[in-house]
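Enquirer: After the sequence you'll find the predicted model.
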Amino acid sequence: MSEEKTVCAYCGDVIEGEGIRRGPRVYCCEACVFEGSRSVDCAGRSDASQASLKEEMEYRANPPIS
Ligand SMILES: [Zn+2]
């Protein structure tokens, strides 16, 4: 009963399997990666800012329509 569980760095859900690793953090899905990396980018500028900007531009160019 001492198995270590990984939780999403953004929403806090328990991650089954490997999850999505981004630097020191692990997320449960792409949406959490996007939101998590964006908030990190606002708080403390990291070398991920360029990738995060590119992701945001792609997100704006292709808004999720369901
Ligand atoms: Zn999540």
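Expert: Great, that's in hand.

Enquirer: When you work out contacts or count neighbours from here on, use the C-alpha atoms and nothing else.
Expert: Will do.

Enquirer: which parts of the chain sit against the ion?
Expert: Counting by CA under 5 Å from the ion, the chain comes close to the ion at Cys8, Cys11, Cys28, Cys32.

Enquirer: ok, now with 8 Å
Expert: Residues of the chain lying close to the ion by CA under 8 Å from the ion are 7-13, 27-29, 31-33.

Enquirer: Of those residues, which is the most crowded?
Expert: Neighbour tally across these (other CA atoms under 10 Å): the maximum, 25 neighbours, falls on Tyr27.

Enquirer: Please name the bridge partners of the closest residue to Cys8 other than its chain neighbours.
Expert: Excluding the flanking residues, the one nearest Cys8 by CA to CA, 6 or more residues apart in numbering is Tyr27, at 4.3 Å. Assessed by DSSP bridges, Tyr27 has beta-bridge partners Ile20.

Enquirer: ok, Tyr27 - contacts?
Expert: The contact partners of Tyr27, taken as CA atoms under 8 Å, 6 or more residues apart in numbering, are Val7, Cys8, Ala9, Tyr10, Ile15, Gly19, Ile20, Arg21, Val33.

Enquirer: The third one - that's part of a helix, no?
Expert: No. Read with DSSP: H, G, I helix; E, B strand; the rest coil, Ala9 is coil and lies in no helix.
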